[in-house]
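Engineer: Just need the structure, nothing else, for what follows:
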Amino acid sequence: MSNRKLKMGMIGGGPGAFIGGVHRIAANMDGEIELACGAFSSDAEKSKKQGELLHLPIQRIYGSYKEMIRREAELPLVDKMDFVSIVTPNHVHFEPAKLALENGFHVVLDKPMTFDLAEAKELKEIAAKSGKYFCLTHTYTGYPIIKEARQQVLSGKFGKIRKVYVEYPQGWLSDFLEANDHKQASWRTDPKRSGEAGAMGDIGTHAFNMAEYVSGLQVTKICADINIVVEGRKLDDDGAAFLKFNNGASGVLFATQIAAGEENNIKIRVYGEKGGLQWQQEDCNSLVVKWLDKPAEIWRAGTGYVSSYAKHNARTLAGHPEGYLEAFANHYRNFALCVQAQLNNEPPKAEWLDFPGIEDGVRGMAFIESVIASGRSDKKWTEFKI
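Structural biologist: Reported below is the predicted structural model:
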């Protein structure tokens with residue numbers, strides 16, 4: 001019976017990276033995972049520097065992800081990594097994920113899943129054949145109260161869902177930062193590294209994933225307006241879309257990175273026949289529930305009255321705020337619990353399985369292709385195709 005920490009290998013997350021550090025904090029939070037090795041940069045010296053900063057033994061710091069996966073696969077079972085966390089730009093998602101799965105390693109991958117939809121569909125087939133767990137880090141669905149929101153909608157208490165509104169405003173790309181070799185702006189606005197979408201790929205996919213997760217519905221059609229606002233930019237930095245869902249409901253999604261002064265206040269509202277709910281990241285521990293014929297309610301994370309899903313994903317009592325890092329950590333924890341269950345030949349609990357996976361990744365890439373195609377088209381509606 002396995003009773004040890006899982007060993008994580010990391011690809012990317014070297015000097016100057018943002019999201020790699022977030023992944024490392026999140027993976028470490030619950031004591032289920034330890035960083036065992038890494039290929040932190042395509043530059044071997046930079047990888048070595050980052051690995052030394054993280055106090056890894058020199059023999060577990062690799063100069064490339066191919067070397068890391070090959071050499072880790074050769075190690076004894078008790079020593080080798082159990083899974084790999086991939087935190088590279090989008091164009092370096094597919095190949096390391098494919099190689100890891102084919103060599104028997106579970107995978108955690110930053111979003112969006114791949115460079116394009118064709119890669120996503122191929123990766124889905126590879127993952128299915130591998131029998132390994134795959135987690136895609138759509139951070140915001142990790143919040144305990146967002147899990148409560150989903151459970152309330154799925155319970156049917158609001159009746160048939162009619163409207164879904166989701167928004168993600170940022171302002172950090174209001175200036176032409178990529179002109180000054182700004183690391184984060186440079187790759188996110190480069191079609192060779194980011195893919196065919198900018199804002200819609202970077203944060204629009206978060207909004208899309210949130211809309212489908214909380215509503216329990218799936219988008220079937222999109223009518224989009226996609227913009228490049230900052231002169232000289234190569235990819236979209238602003239956009240909005242009307243949505244149609246598979247139960248007949250309609251919705252609106254907007255994602256922008258040129259809303260000067262805005263930070264990361266992703267927000268969702270869902271309305272049914274009898275009532276609805278709303279949530280925003282700036283008050284991430286509160287869920288406002290509204291009714292047609294009675295006063296509104298405020299549900300709070302960490303309380304005794306929330307669902308088992310919300311309870312499982314909370315670490316503190318009500319009034320002690322849990323935020324972005326904890327939401328991120330919930331995906332790692334649930335993923336790790338499922339991997340541990342597999343090692344012990346035990347079935348995972350339903351609450352553990354509630355993390356974004358390969359299907360979310362495929363739908364996210366389909367969203368990118370559909371929303372960009374709609375924005376370029378003169379037709380009013382574009383079918384959501386996978």
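Engineer: so what's Glu196 up against?
Structural biologist: Asp116, Leu235, Ile368, Glu369, Ile372 (C-beta atoms under 8 Å, 6 or more residues apart in numbering). No exception for glycine: its C-beta is placed from N, CA and C like everyone else's.
Engineer: I'd guessed the first one sits against Met365; true?
Structural biologist: Yes: with contact defined as C-beta atoms under 8 Å, Asp116 and Met365 form a contacting pair (6.6 Å).
Engineer: The host helix or strand of Leu253 pairs with which strands, parallel or anti?
Structural biologist: Assigned by DSSP states H and E, Leu253 belongs to strand 250-256. Looking at strand 250-256 with DSSP bridges, its partner strands are strand 161-169 (parallel), strand 238-245 (antiparallel).
Engineer: Kindly present the ones you listed as CSV, with separate columns for distance to Lys5.
Structural biologist: Shown next, in CSV, are the strands paired with strand 250-256 (distance: least, C-beta to C-beta, whole Å):
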stretch, distance to Lys5
strand 161-169, 34
strand 238-245, 41
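Engineer: closest one to Tyr65 among those?
Structural biologist: strand 161-169 (29.9 Å; C-beta to C-beta).
Engineer: which outside residues touch that closest one?
Structural biologist: In contact with strand 161-169 (C-beta under 8 Å, 6+ apart) are residues 153, 203-204, 206-208, 210-211, 214-217, 243, 245, 247, 249-256, 259, 262, 264-273, 276.
Engineer: Inside helices: which ones of the contacts of Glu196?
Structural biologist: Taking DSSP state H, the ones among the contacts of Glu196 that sit in helices are Ile368, Glu369, Ile372.
Engineer: can you tell me which residues contact Phe94?
Structural biologist: Thr114, Phe115, Glu119, Glu122, Leu123.
Engineer: got CSV for the strands paired with strand 250-256, with mean neighbour count, mean pLDDT and distance to Lys379 too?
Structural biologist: Formatted as CSV, these follow (neighbours: other C-beta atoms under 10 Å; pLDDT from 0 to 100; distance: least, C-beta to C-beta, whole Å):
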stretch, mean neighbour count, mean pLDDT, distance to Lys379
strand 161-169, 21, 98, 22
strand 238-245, 22, 98, 13
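Engineer: Taking the contacts of strand 161-169, please make a PyMOL selection of just the buried ones.
Structural biologist: Applying 16 or more other C-beta atoms under 10 Å to the contacts of strand 161-169 leaves a buried subset, and the PyMOL line that selects it is:
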select buried, resi 153+203+204+206+207+208+210+211+214+215+217+243+245+249+251+253+254+255+256+259+262+264+266+267+268+269+270+271+272+276
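Engineer: Among the contacts of strand 161-169, name the ones in strands.
Structural biologist: 243, 245, 250-256, 267-272, 276 (DSSP state E).
Engineer: tell me the pLDDT at the closest residue to Ile368 other than its chain neighbours?
Structural biologist: Among residues not flanking Ile368 along the chain, Ala197 sits closest, at 4.6 Å (C-beta to C-beta, 6 or more residues apart in numbering). At Ala197, the model reports a pLDDT of 98.
Engineer: What does Ala197 show for phi and psi?
Structural biologist: Backbone geometry at Ala197, expressed as degrees, to the nearest 10, gives phi -120, psi 150.
Engineer: any idea how far Thr382 is from it?
Structural biologist: 14 Å (C-beta to C-beta, to the nearest Å).
Engineer: Mind checking which of those two has more residues around it?
Structural biologist: The neighbour count for Ala197 versus Thr382, taken as other C-beta atoms under 10 Å, is higher for Ala197 (26 against 20).
Engineer: any idea which residue sits dead centre in this structure?
Structural biologist: Geometric centre of the chain, nearest residue: His138, 1.6 Å, by C-alpha atoms, centre = their mean.
Engineer: for it, what are its contacts?
Structural biologist: Lys111, Thr205, His206, Asn209, Met210, Tyr213, His331, Pro356, Asp360, Gly364.
Engineer: between those residues, which is closest to Pro191?
Structural biologist: The closest of the contacts of His138 to Pro191 turns out to be Thr205 (C-beta to C-beta; 16.2 Å).
Engineer: The closest one and Pro112 touch, don't they?
Structural biologist: Yes: with contact defined as C-beta under 8 Å, Thr205 counts as touching Pro112 (4.9 Å).
Engineer: Need the overlap of contacts for those two.
Structural biologist: Residues within reach of Thr205 and of Pro112 at once, by C-beta under 8 Å, 6+ apart, are Gly364, Ile368.
Engineer: from the chain's centre, how far out does the worst-scoring helix or strand of the chain on mean pLDDT sit?
Structural biologist: Ranked by mean pLDDT, DSSP states H and E, the weakest helix or strand in the chain is helix 183-188, scoring a mean of 93. On the basis of C-alpha atoms, centre = their mean, to the nearest Å, the separation between the geometric centre of helix 183-188 and that of its chain is 18 Å.
Engineer: helices or strands next to it in the packing?
Structural biologist: For helix 183-188, the elements it packs on are helix 191-194, judged by 3 or more C-beta pairs under 8 Å, 6 or more residues apart in numbering; DSSP states H and E.
Engineer: buried residues in the helix it packs on?
Structural biologist: Applying 16+ other C-beta under 10 Å to helix 191-194 flags Ser194 as buried.
Engineer: Which strands and helices lie in contact with the helix or strand just after it?
Structural biologist: Beyond helix 191-194 on the C-terminal side, the first helix or strand identified by DSSP H and E is helix 199. Helices and strands touching helix 199, by 3+ C-beta pairs under 8 Å, 6+ apart: there are none.
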